[in-house]
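Undergrad: My questions concern the predicted model and sequence given below.
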Amino acid sequence: LHANGERAEGQEEPQGSVEPVSVGESGEDVPDPAPADVPLVANENSDIYTLVATYYNAMALGQSDVLTSIYDEITENERLRYEEMAKYLDYIPSFDIYTQSGLEAGSTLVYVCYTLCFVDHEEQVPGWQMFYVCDDGQGNLYIKNEKNFTEEEKNYIVMLSNQADVVDLNNRVTVEYNNLMEENPKLLAYIAEFGAQVDAAIGVALAAQNAEATPAPEEGQSPEGSTEGTDNQPQEPAVESGPQYATATTTVNVRSSDSEQ
């Protein structure tokens, strides 16, 4: 559900997914371990609970304006993804919140284990997501976009995400997810299908925005790149733009765009 990294505009991740993901997956360089583990604990902060609840409620409803208000920054690509994803989400039955101390004072690593249901599907799909929550200095909390992480913050997050307690949390959710997909192959195909639909819709929307932003040629002037008035060579027919459809034939891990599952 949540993206771990942005692709070029117009080329979206095959992540429309809810595959459990974590920051600091295998293969990444892991910094030297901290002198002592930073404990992972169940959340008891009501402000963090309110922030997380606001996020998931807005995500399920596609309220990109609300999401913009609780992030330090949301890109146009991310805004479109939230709005498109909401068309396939029914509701979010539950979520549990765990926290670790952040790198700086007033910051917190927030891990959320959740279940969600898709439209016309009763199965509760498990996933997990990490947020880096900061205080704005006036007592208000916000979610920091991973694109704005400093190198120190990135290293700190990777280090903590490789602690045994966080790895155990990730593994538990991953096992639950994989078991559900094995028992419900049609659900897995649906996740891959709607992921492709979301990617296609975002590509079309971005292309339309780019076309609107391109200034129209002045009267009597040929459009940029046109061969009119030069060698009069025939032009290739334009390819009609529109949603594209794909059917999953193999196991596809579809992922969510914080730090979108």
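TA: Cool, got the structure. Numbering: from 1, shown residues only.
Undergrad: Report the buried residues of stretch 79-94.
TA: The neighbour-count check on stretch 79-94 (16 or more other Cβ atoms under 10 Å) flags Arg79, Leu80, Arg81, Tyr82, Glu83, Glu84, Met85, Ala86, Tyr88, Leu89, Ile92 as buried. Placement of C-beta: from N, CA and C, glycine included.
Undergrad: got the buried residues for stretch 184-201?
TA: Those would be 187-201, for stretch 184-201 by 16+ other Cβ under 10 Å.
Undergrad: which of those lies closest to Ile74?
TA: Val198 (16.2 Å; Cβ to Cβ).
Undergrad: Test my guess that that closest one contacts Tyr82.
TA: No: look at Val198 against Tyr82 with Cβ atoms under 8 Å: they stay out of range, at 10.1 Å.
Undergrad: picking up where we left off before, please narrow the buried residues of stretch 184-201 to those residing in strands.
TA: Using DSSP state E, no member of the buried residues of stretch 184-201 falls in strands.
Undergrad: ok, so what distance separates Asn171 from Tyr111?
TA: Using Cβ to Cβ, to the nearest Å, Asn171 is found at 13 Å from Tyr111.
Undergrad: who's more crowded, these two?
TA: The residue with more neighbours, out of Asn171 and Tyr111, is Tyr111; 24 against 12, by other Cβ atoms under 10 Å.
Undergrad: Could I get the phi/psi values of Glu183?
TA: Dihedral angles of Glu183 (phi, psi; degrees, to the nearest 10) stand at phi -80, psi -20.
Undergrad: give me the element Glu83 is part of.
TA: Using DSSP states H and E, Glu83 maps to helix 76-85.
Undergrad: Gln129 too?
TA: Short version, using DSSP H and E: Gln129 is in strand 125-135.
Undergrad: So which elements touch the next helix or strand after that strand?
TA: Once the chain leaves strand 125-135, the next helix or strand it forms, by DSSP H and E, is strand 141-143. Contacts defined by 3 or more Cβ pairs under 8 Å, 6 or more residues apart in numbering; DSSP states H and E place strand 141-143 against helix 46-61, strand 125-135.
Undergrad: winner for burial among the ones you listed?
TA: strand 125-135 (a mean of 24; mean count of other Cβ atoms under 10 Å).
Undergrad: quick one: that one to helix 46-61, angle?
TA: Counting by axes from the mean of the first three to the mean of the last three Cα atoms, to 10 degrees, strand 125-135 points 130 degrees away from the direction of helix 46-61.
Undergrad: Tell me the strands beside strand 125-135, with direction?
TA: Paired with strand 125-135 in the same sheet, following DSSP bridges, are strand 107-118 (antiparallel), strand 141-143 (antiparallel).
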